[in-house]
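> pasting the sequence and the predicted coordinates here, then a few questions.
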Amino acid sequence: MLLLWAVVALATFCGFVALGTWQVHRLAWKHDLIARVSERIHAVPVPAPAEADWPAVSAQRDEYRRVTVTGTFLNEDETFVQATTDYGGGYWVLTPLRQANGGYVLVNRGFVTPERRDPAMRGTAQPEGEMTITGLLRVTEPGGGFLRHNAPADGRWYSRDVQAIGAQLGLAPMAPYFVDEAAAPGARPPGEIAGPPSRWPVPGLTVVHFRDNHLSYAITWYLLALMVAAATGYVAYLEYRQRRGGRHATGEHSS
């Protein structure tokens, strides 16, 4: 029985140590990711990947890269994706941008409240003609949101699934990413809302945030390993005392 306890304790100790070490590696990876993303969002904008480069686009290499994209908006093909921002509940306005080569890129032009889904209620004219948009490259979000699936036929979108949106609109080829349009120069950053915006949709509300709990997780696993080691040592000490006491009792009885 004691041998079985020792085997279980050793396996548990090793498992906790392995989990703690894995969290340490995740911590290093997360800090590297945060550093890379921080560098990207403050870098000088570069042209968005061209169609020939679309197959190589990935979240690890391209997510949150500052890019520019040029084309003409198809304002009649706006798609509304449910969103929640500092302005409350509403929608992201995703509008296809037709490029000169015939390809399409979805641009997240910003946030609108439900009553401003109608362009006539936004107080600003729709963009017309060829223009260049600066923003953050975001990788497609297939499927939907948490416990909610996109329903293209019903016009209900919970994630920015660019391929599904492109298929619903009948637009191809569609870039495997979308671009979050940047805020106008001088605009307040997200989280510093001072009042109603002067324009709708409201761009530049991208929240770049990564959960970074790996250090606390690592400490927790290592503490659990230490507790297992301490408990095992205590049990071993009790067993040693019991056996030593038994030997002494046997010796006294024999004398």
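Sure thing, it's come through. Bear in mind that the values here come from a model prediction, so they are computed numbers and not experimental data.

> CA only for contacts and neighbour counts going forward, please
Fine.

> tell me which residues in stretch 48-64 are buried?
By neighbour count with 16 or more other C-alpha atoms under 10 Å, stretch 48-64 contains the buried residues 48-49, 51, 62-64.

> how about the residues you listed in JSON lines, adding secondary structure and pLDDT?
Putting the buried residues of stretch 48-64 into JSON lines (DSSP: H, G, I helix; E, B strand; the rest coil; pLDDT from 0 to 100) gives the following:
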{"residue": "Ala48", "secondary structure": "coil", "pLDDT": "96"}
{"residue": "Pro49", "secondary structure": "coil", "pLDDT": "96"}
{"residue": "Glu51", "secondary structure": "helix", "pLDDT": "94"}
{"residue": "Asp62", "secondary structure": "helix", "pLDDT": "92"}
{"residue": "Glu63", "secondary structure": "coil", "pLDDT": "90"}
{"residue": "Tyr64", "secondary structure": "coil", "pLDDT": "89"}
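
> and which of these is nearest to Trp5?
When the buried residues of stretch 48-64 are compared for distance to Trp5 (C-alpha to C-alpha), Glu63 wins out at 48.8 Å.

> quick one: the closest residue to His149 other than its chain neighbours and Thr79, what's the gap?
Computed as C-alpha to C-alpha, 6 or more residues apart in numbering, the closest residue to His149 that is not its neighbour in sequence is Gly143, at 6.0 Å. To Thr79, Gly143 is 16 Å away according to C-alpha to C-alpha, to the nearest Å.

> again, but for Arg199
Taking C-alpha to C-alpha as the criterion, Arg199 is separated from Thr79 by 19 Å.

> my guess is the residue nearest to His149 meets Asp161, correct?
Yes: in this structure, Gly143 is within contact of Asp161 by C-alpha atoms under 8 Å, at 6.9 Å.

> which of those two has more neighbours?
Ranked by neighbour count (other C-alpha atoms under 10 Å), Gly143 and Asp161 place Asp161 first, with 21 against 16.

> what about Gly245, is that helix, strand or coil?
What DSSP: H, G, I helix; E, B strand; the rest coil gives for Gly245 is helix.

> model confidence for it, exactly?
As predicted, Gly245 sits at a pLDDT of 71.

> how near is it to Tyr237?
Counting by C-alpha to C-alpha - Gly245 and Tyr237 are separated by 12 Å.
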